[in-house]
Structures are given as C-alpha cells and as structure tokens.
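Q: next come a sequence and a model predicted from it.
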Amino acid sequence: MAAVITRAEAPLFTGSEWDFPMIQRIYDAVERIALGELELEVYPNQIEVISAEQMLDAYSSTGMPLFYKHWSFGKQFVANEMLYRKGLRGLAYELVINSDPCISYIMQENSATMQTLVIAHAAFGHNHFFRNNYAFRQWTDAEGILPYLDFARNFIAACEERHGQQAVERVLDCAHALMHQGVHRHPRVRARDLAAEAAREAERERYRETIYDDLWRTLPTGPAAPLVQADERRRALNLPQENVLYFLEKTGPRLEPWQREILRIVRLIAQYFYPQRQTKVMNEGCATWCHYRIMTRLHETGQITDGAFLEFLQSHTGVVLQPNYDEPHFSGFNPYALGFGIMQDMARICTDPTEEDREWFPDFAGKGDVIGVLKDAWANYRDESFIAQFLSPRLIRHWRLFQVLDQEDASELEVAAIHDERGYRRIRRALARDHDLGRQEPDIQIVDVDLAGDRALVLEHLVGDGILLDQGDTRSVLQSLADLWGYEVRLHELDARDRRPLRTHTLKPRPLSA
Amino acid sequence: MHIIDRRLNPGGKSLVNRQRFLRRARSAVQQAVRRSLSERSITDVDKEGQVTIPHEGIGEPTLRRSASGGNRERIFPGNQDFLEGDRIKRPQGGAGGGGSQAGEGDGEDGFRFVLSREEFLELFLDDLELPDLAKRKLTGEESFTLRRAGFTTAGSPANLSVPRTMQRALSRRIALQRPGRAELERVEAEIARLEALPPGERKRGELEALIAERERLLRRRALVAFIDPVDLRYRRFAPTPRPTAQAVMFCLMDVSGSMNEHMKDLAKRFFALLHLFLTRSYRTVELVFIHHTDRAAEVDEDTFFHSTVTGGTLVSTALEEMLSVVSARYNPEDWNIYVAQASDGDNLARDNEKTIAMLRERILPLCQYYAYIEVGSDTAALAAIPGMGPSDLWAAYEDVAAACPHFAMRKVHHRREIYPVLHELFRKRGLAEGAGA
C-alpha cells in the first residue's frame, strides 16, 4: 500500500457508545479508504439501525425487508428466537441486501468499533461484490428486487383473499419444495429485467404459435416415425428442462393463472438468491478482506484507538477461525476463513512471492497490483473457479488439507492426497468441486411427457458417483411435483456412465385444492 | 448515504408467520403441550415454555442427495499424521467422509421452540374443550372492578357530584363577591322604605344611590353565575383489580393400585384447571397435596402424581388429614378453602358412613367448594357396563350432593369431560355467564 500515513488528530471515537453523527463520521472515514485506496465501486449505501428483535424478524424472512407470508418463515423465527433467547446463539452484527441502493442493517446493540467493522464489511465489502461479480450482474436485478418483493407480497396476499389461505399455502409449499430446481443455471433465459420478462415471454409464445403448422402432422411418416415424434414433442415442450418450476409455470396443464404466477414468484426469488449460494466463499472473503484492510488502515492513520483495534481483532479472528477436522466444533469449511485466507495469500503473492508462487501464479506473482488482481478475481469468478484458480500450495500446507476417498464397495476410507507435491493439484481440484453447486446438487431434468398416454411427467436423475437421492424427502418433493403437474410423475435415477436404471420413483397426484 | 433509524418501526413482522406455523403444527404442538403438562407442576401450567415437536408435517423437503452410499471424496483441514494411501476405519454411525457433517440435523430428535404463555394456555384449554367465554376469562387480563377515585372535571351527567359542585360554586361566589340574596333584599327593603316616605323627608340623592346600588348588585349577580361550568365536579371511577383474597386448594387423590396412569392424568388435568381458575380469582393460591390409601399423608406434588403406594382405600383418612392441615395452617376465617378430590370410586364399605358424616358436619361447612371427580378408564365411557352399578363412594356422595349446593361430583372418562365439572362452580361465582350455552 503506497498511501502515505498521515495520522489523524483525534480518533473517530473513544469508548463503545455511538450516536448518529458519529456513524456519519465513521462512514465518511471508511468511505475515504474504501473508495480512495481500495478503489471499490459500490451501489449508493443506505444504513438502517435496527433492534435485536427486528434482526430476528429479518432473519426469518431470508434477510429481506419485506416478504410474503408463509409458515416456514414462522418456523425459522421460532427456532431462531429460542436459540437467541437461551443465549445459545448470538445474532449477526449486520445484514446486507443486494439492492440498489444497497441496504445494510446494523444493530443498535453493537459497539462503536463493531459499527465501524460492520460498515466496512457490509456497506463496502459486500456491496462491491454485489455490484461487480459477474454472477450477480448476470442473474440479479438489484434495482428491481424490492419493488418485485413488494409486488410478490401483495399478489400473494390478494390470492389468499380470493382463493383462501389454505389453497395458496398448498401451492407455496409445493413450490418451495422445488425451489432449488427452479433456477436457470445457464444464461439461456436472461432474467435481467423482471418487469419486461413476462412481455418477452408472451411475445415468444406468440411467435411459436405463428410458426406452428398443423399440416406437418399429415405428412406420411416412415418407419422412424415414433422416434421423430418423440423428438418433436420434446422440442415443442422445450425438453429436456432442468428448471422444473419454469416448466410447470409454462406448461403445467392443470394450473390456474394465479398458481402459475406464484410458481413464477418463487422461481424468480430462487433465481435471485442463486448467485449468493454460488459465491458464499468469495462474497464473505471479499467482505472480510475489505473490512480487515479498512480497519487496519483506520488504525494506522490513528482514526481508531488501539483498544478499538484490539476489539476488532478479537471479533475478526473469531470470524475467520477454521477448526481442524478432529476438533469438536468442526463443521466443514468456514467460508469466511477460506475466502479471507485465499485473498490474503493472493495479496502476499502480489507483493512478496516465493519461487513456488512464481511457478504456480506466473500471471500476477510479484506484480504488486494487489487491488487490481483482487478486483479482477471478485468480478470474474465464483467459488468453484476461484478456489481452482487461486488456492496456493502454501495455503494447502498451512491448513494441512487432505483428501479422503469413501468408496461404496471399500471397507475402509482412503487418504488419497495430502499437502505434498503430488497432492496439491488433486486437493485443489477436489476442494473446488466441493464448492461447485452443480455437483453438490443432484442433476435432475425433466426429459419427457407422455402425451399419448397418461400425461405422466418423466424426470431423470443422472447419478455420477453412485449417490442416489434421499428416499424420504424425494417422495415428498415428487408428491408436490405430481400435485402441481396434475398427473403421474416418474423419476428415473440412471447411472451417468451407462444410463443403467438404478431406482425409479412413481407418484400419483393428489388434488391441489382440497 | 442515508442513515435511517428503524428501531421505532413496529416489530412483530414475523407474528403472522409464527401464527401460521403454529396453526400448521397445531396437532403436533397440542400433543407436545399434553406431554409437557405431565412434566409440569400444576402451578406452572400457565407459564411459557419450551416444546419439542417431531419434524413430520413441518418438514421442508428438498431434492437432495442421500447422506449415505455412493463414492465420495472430501477435503478436510488439519492433517496430523496421515500419509497418502493410508486407510482409515469408517467412523461409526456416520456415513460419508468425516461423519461429523454427513448426518447434520439427523441427530436432533425434534424441532424445539418456545411457546408464549398465551399460546400455551390456549392450546391447553383447547384440549379441554372449554367454552370460548370461559377461555377468554382465563387467558385474559386480570378482571377489574370500578372503584371511586376522587373527582374529575369531566364525566357523564349521571356521575355529577352535586355536593362537590355546590361547594366549589359557593367558594367561587364568595371569592368573586357575588352579592347574596340577603344583601339584595336589604337594599330593596331600604328603597321601599325610602319610597314610602314623603319626598320631603328623604335625604337628597339617597334613593338614587340606593337604586344605583341595586343596579350594581343585579348586574354583578348576572355576571357571576350561581353555578358556573368550572364548578362542575364528577365522581371519578378508576378500574382497579378485583379485590382478591387468599385461597388454599386441597388436592385429594386415591393412589392405591387401582388408579392407573390414565386416571392420574385426568386427575392432574382437573387439578390444574381448578388451580388455574382459582389463580384468576385469588391473588395467592396455595396447594396442598394429600394422597391416601388406607392411610393418608401430605406429600409434595411430585410424589403425589408419581408414587404408588399399596394398600386398601379409606377416604376418611384423607379427610382427617386435611382437617388437621386446616387447623394447623389455614384458618377458615382467613382462607377460602377449596377441595378437589379424585378417585376411582373405591372405598371400603364400612368407611362410607364415616366419610359422609365428616363431610357433612365438619368439612363442607368449612369450604367454598368441594369437587369430586370419579375418574374411569377410557373404555368404560363407551359402554356403561350393565350390571355394574355406581361405585360405593359415588352412591354415598349422591346424598351429600343433593343436600349441599357447593358440593359437585362428576364422572370423567375423557379429558373433554373435565370442564363441565367446574362449570357449575364458575356459574355460581359469576365468572362464566352463559358459558354452558
């Protein structure tokens, strides 16, 4: 960091009390560093001070300031409330919403140091990531989300009024069960403008109708006809389709218009959150790295006291703690630790590389442009590609990572790789795959509809590594799907290599309005 | 940048969702409430508390990969001594690589959360099939009565306090020197006297001065009203909590072997409900538990509900024990005494006479209310078995009930039959107007 250290005359605050003018001063100081030194590009900020109770409320509606009503949020609420009341779990210091302006909630119980940390973390770290990462730019509409949620809430309330709470809840339950199957994973249909999308979809539908000609049906068909018919049918139905909710919304034969709209709402919200699930490590890493750098600079320039800096460090080290696999509170990788660790390491490689780093990261080792390299990574990667690209051998040694293979037919587990020359790439690849949503979630597609017969919906699950679907949950979800579809649903689990059938689930529909 | 203070925004955004969740989980929660009641002490029935319900019905299923089977590879941090190619024993119970994560959530046996006092009571009372009105009385705030509390300047005409208003009018009239009737009459008499005199004898100007004086007096009387709106005072009534006193509730129960768990559960519900009602009417309600076989003893609640003592059945021993407790600790002058007795109806035949005599002569005069419930097994309700007449105790008590209005008795086979037993009590106390309608 080439910035000149000029010490401030007096720290921004002493003690832990805060007030609104102080928040403004803190914000200005943080902003000077974030925009001036780190060159972050952020949405305009809106900082809202809330109480612990309001934080609990926000928690249970997926962090959004407004949301439609559903019992599952109530369930979350009572669970969170109990944990919080019994002191088993503290509340987050902040919540940040990917919207324009970017809304950050900060809690009134936070000390002045924590407010500084939270502003640096959320209002600048997350905010920059939301605005610049490609996944968010591609899939979310920061400007439109709050109006859309408002529309969704009112629409669902109106439906409840007209069709009864039970009926709406039933559709929502079914839709929630399929939420993870309600996202487009590839940018085939772009959801850039939520308002105009429906219009474009209607236009497409009209076009499809104009080019459809019934005459083709009357042409004499050769011996290959059945196969061709199936292909034609699939094409007409846009199959195969991995976005189950989208397919139901567009094609479901027995859905009322309002039910389609509800499916659409759930689907679009799932799509809005999809980038967050893809970039957990990067998003938190980015925010943590930014707050760490900003707080350090505030301390260097004398704008926060030593005491405040120590308070910050204590909280920060708690956040980026990565327990070992054999420690009791180990529960997988801590995205904060992983993201922050890799980014710190990248900064080190930029400024102070070893021979090994030069060999592994010839593109940026020793180039010195920390901010440029990190901003490029923040903008153009998601968790999987980020780890695959930037996890360094040094970090693998630091965390002493090792890979364990669990083969179904073996009686014991096998350590496949450790932190040595032979293991680095294997570990890096495996850790990246571990953070690939596409591999973590089952690969399920709608492949066909039996239009000639009983209209059964046929789905396929391609099983890559022998891991079948969880039986109990799958039955309930497929039941929901059958209810929405209105006819039988069949899910074939096939071996991905030779399409050998492993298991088949078949479910009959129940009436949706009971 | 904007900073917005949202702290004053109304909270409780999640209230609707919470209610919907409870409604959805209602049957499960009700089960849980029922279960937790057996763990709770009678006095804690109306406290908020934690309940655990099973995941069924409130689960949110997703299409996810099974936690077991298949070929997996996992990365872990913190390698101490593994080398490539090492073989590790599969951890017990946990499938997948490390086990600690694979079964996340499975270890919990249910979904736990806290019910507020109102919610708990509502579910508890619902289970008893109480009429709504009685429920509202129970769950609602303390009942209030109106008490005189000084005076106020505004109110309804019916509450006008005439003495106070007149007092204030008087003092105002004195302070503002409103001429009284006597003064006016004196001037008028003087004027009349002067006018009666021949004009020559009058002093000059005297009459004119008097007339002017009378004018002044009259004007002043018109200006200073006899009763002004500022004088008005109304009686003020402030709502104050209903006057409460102390009560003691005796729980008597037969614990001989013939009382099974179902019967004890019914008895406990009955006691809990009675206690609940009493706590609404009295500020302090003390509980005394007396169990008996052919001997009786005062015990704590836990022993009362959970211990089994073998022996015969002599009801009179329990009554004697109760009387001795009363004379030792609860002077009937100071305490309202309630007795609730639960039994399966067994009593030694020779004891009945003594029991009834004690009841009639010594106990019923002491107490506000004596409730006897005869608990039966669930199946007995379905078929009142012919040939099986009423139990000995029941037959004996029937005479008492006919004679004494504050002695109530009921047979209870099922939870929902508990409330009617108390029904009469509340009607008498004016607490449940129309509750049975």
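A: Sure, I can see it. If you're wondering where the values come from, they're calculated on a predicted model, not measured in any experiment.
Q: wait, B:T153 sits on B:D231?
A: No. Counting by Cβ atoms under 8 Å, B:T153 does not reach B:D231; the two are 9.6 Å apart. In short, each C-beta sits where N, CA and C put it, glycine included.
Q: helices along the stretch 301-450 of chain A, start to end?
A: A:306-319, A:335-351, A:355-360, A:370-380, A:383-390, A:393-399, A:424-434, A:437-440 (DSSP state H, counting those that start in this stretch).
Q: out of B:T153 and B:D231, which sits in the busier spot?
A: B:D231 (19 against 11; other Cβ atoms under 10 Å in any protein chain shown).
Q: that one against B:L176, yeah?
A: No. Between B:D231 and B:L176 there is no contact, the gap being 11.6 Å when judged by Cβ under 8 Å.
Q: identify the residue spatially nearest to residue 364, adjacent ones excluded.
A: In the absence of a named chain, this looks at chain A. Sequence neighbours aside, A:V373 is the residue nearest to A:F364 in space, at 4.7 Å (criterion: Cβ to Cβ, 6 or more residues apart in numbering or on different chains).
Q: my bad, the chain I had in mind was chain B
A: B:C404 (5.3 Å).
Q: show me the domain layout of the chain.
A: With no chain named, the answer covers chain A. Domain assignment for chain A by automatic domain parsing gives A:20-133, A:323-438, A:442-507.
Q: look at chain B instead
A: B:13-55+B:110-127, B:157-236, B:244-429.
Q: looking at those domains, which is closest to A:R499?
A: Nearest of those to A:R499, taken as Cβ to Cβ: domain B:13-55+B:110-127 at 34.9 Å.
Q: ok, the closest one near chain A or not?
A: Yes. Using Cβ under 8 Å from any Cβ of the partner chain, we find that domain B:13-55+B:110-127 touches chain A at B:13-14, B:16-25, B:50, B:111-114.
Q: give me the buried subset of these.
A: Neighbour-count burial (16 or more other Cβ atoms under 10 Å in any protein chain shown) is assigned, among these, to B:13-14, B:17-18, B:20-22, B:24-25, B:111-114.
Q: so which elements touch the helix or strand in which B:A149 is found?
A: Assigned by DSSP states H and E, B:A149 falls within strand B:144-152. On a contact count with 3 or more Cβ pairs under 8 Å, 6 or more residues apart in numbering or on different chains; DSSP states H and E, strand B:144-152 meets strand B:234-241.
Q: now the residue of chain A found nearest chain B: how far from A:N334?
A: Proximity of chain A to chain B (Cβ to the nearest Cβ) peaks at A:N324, 2.5 Å away. Distance, A:N324 to A:N334, by Cβ to Cβ, to the nearest Å: 12 Å.
Q: between those two, which has more neighbouring residues?
A: The neighbour comparison of A:N324 against A:N334 (other Cβ under 10 Å) goes to A:N334, with 19 against 13.
Q: how about A:E249: what's its closest non-neighbour residue?
A: Nearest non-adjacent residue to A:E249, counting by Cβ to Cβ, 6+ apart: A:L263, 4.5 Å away.
Q: buried sites along the host helix or strand of that neighbour?
A: Assigning secondary structure by DSSP H and E places A:L263 in helix A:257-278. Buried residues in helix A:257-278, defined by neighbour count with 16+ other Cβ under 10 Å: A:258-278.
Q: likewise stretch B:188-197?
A: For stretch B:188-197, the buried set under the neighbour-count rule, 16+ other Cβ under 10 Å, comprises B:191, B:194.
Q: and what of stretch B:25-44?
A: Across stretch B:25-44, burial judged by 16+ other Cβ under 10 Å covers B:25, B:28-34, B:36-37, B:40-42.
Q: show me where the stretch 251-400 of chain B has strands.
A: Using DSSP state E, counting those that start in this stretch, the strands of the stretch 251-400 of chain B run over B:284-292, B:296-299, B:336-343, B:369-375.
Q: just checking, which helix or strand of the chain averages the lowest pLDDT?
A: This is for chain A. helix A:225-236 (a mean of 72; mean pLDDT, DSSP states H and E).
Q: nope, chain B
A: Using mean pLDDT, DSSP H and E, the lowest element in chain B is helix B:132-139, with a mean of 52.
Q: strands along chain A, start to end?
A: Per DSSP state E, chain A carries strands over the ranges A:45-50, A:94-97, A:102-107, A:402-406, A:412-417, A:443-449, A:457-463, A:489-495, A:501-507.
Q: can you redo the ones you listed as CSV with distance to chain B, mean pLDDT and mean neighbour count?
A: Formatted as CSV, those follow (distance: least, Cβ to the nearest Cβ, whole Å; pLDDT from 0 to 100; neighbours: other Cβ atoms under 10 Å in any protein chain shown):
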stretch, distance to chain B, mean pLDDT, mean neighbour count
strand A:45-50, 5, 92, 21
strand A:94-97, 12, 86, 24
strand A:102-107, 8, 90, 23
strand A:402-406, 4, 91, 23
strand A:412-417, 4, 90, 19
strand A:443-449, 6, 91, 19
strand A:457-463, 8, 92, 21
strand A:489-495, 9, 93, 19
strand A:501-507, 10, 91, 14
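Q: quick one, what contacts residue 343?
A: No chain was given, so I picked chain A. With contact set as Cβ atoms under 8 Å, 6 or more residues apart in numbering or on different chains, A:M343 has these partners: A:285-286, A:288-289, A:374, A:377.
Q: hmm, no, I was thinking of chain B.
A: B:S343 neighbours (Cβ under 8 Å, 6+ apart): B:252-254, B:259, B:313, B:315, B:372-375, B:393.
Q: for PyMOL, write the select line for the buried members of those.
A: In PyMOL, this line selects whichever of these come out buried by 16+ other Cβ under 10 Å:
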select buried, chain B and resi 252+253+254+259+313+315+372+373+374+375+393
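Q: list just the nearest of the contacts of B:S343 to A:H505.
A: B:V375 (49.1 Å).
Q: okay, the residue sitting nearest the centre point of chain A: pLDDT?
A: In chain A, the centroid-proximal residue (Cα atoms, centre = their mean) is A:R277; its distance is 1.7 Å. For A:R277, the pLDDT comes out at 90.
Q: quick check: closest non-adjacent residue to it.
A: Spatially, and ignoring its direct neighbours in sequence, A:R277 is nearest to A:L437 (6.0 Å; Cβ to Cβ, 6+ apart).
Q: do the same with B:S377
A: With sequence-adjacent residues excluded and distances taken as Cβ to Cβ, 6+ apart, B:S377 is closest to B:H262, at 6.0 Å.
Q: burial count for the one you found?
A: 16.
Q: what sits against A:F136?
A: A:98, A:129-130, A:142, A:275, A:279.
Q: swap in 6 Å and give it another go.
A: Listed by Cβ atoms under 6 Å, 6 or more residues apart in numbering or on different chains, the contact set of A:F136 reads A:130, A:275.
Q: please apply the same query to the one 3 residues further on.
A: For A:W139, the residues meeting the contact criterion (Cβ under 6 Å, 6+ apart) are A:271, A:274-275.
Q: and these near chain B, which?
A: Among the contacts of A:W139, not one lies near chain B by Cβ under 6 Å from any Cβ of the partner chain.
Q: centre of the chain versus the helix holding A:L263, how much separation?
A: 13 Å (Cα atoms, centre = their mean, to the nearest Å).
Q: so what touches that helix?
A: Counting by Cβ under 6 Å, 6+ apart, A:135-136, A:139-140, A:152, A:159, A:171, A:175, A:179, A:182-183, A:191, A:245, A:248-249, A:382, A:437 sit against helix A:257-278.
Q: okay, angle between it and helix A:383-390 too, please.
A: Angle, helix A:257-278 to helix A:383-390, by axes from the mean of the first three to the mean of the last three Cα atoms, to 10 degrees: 20 degrees.
Q: how about B:A67, secondary structure?
A: coil (DSSP: H, G, I helix; E, B strand; the rest coil).
Q: and it, how far from A:D406?
A: Using Cβ to Cβ, B:A67 is found at 12 Å from A:D406.
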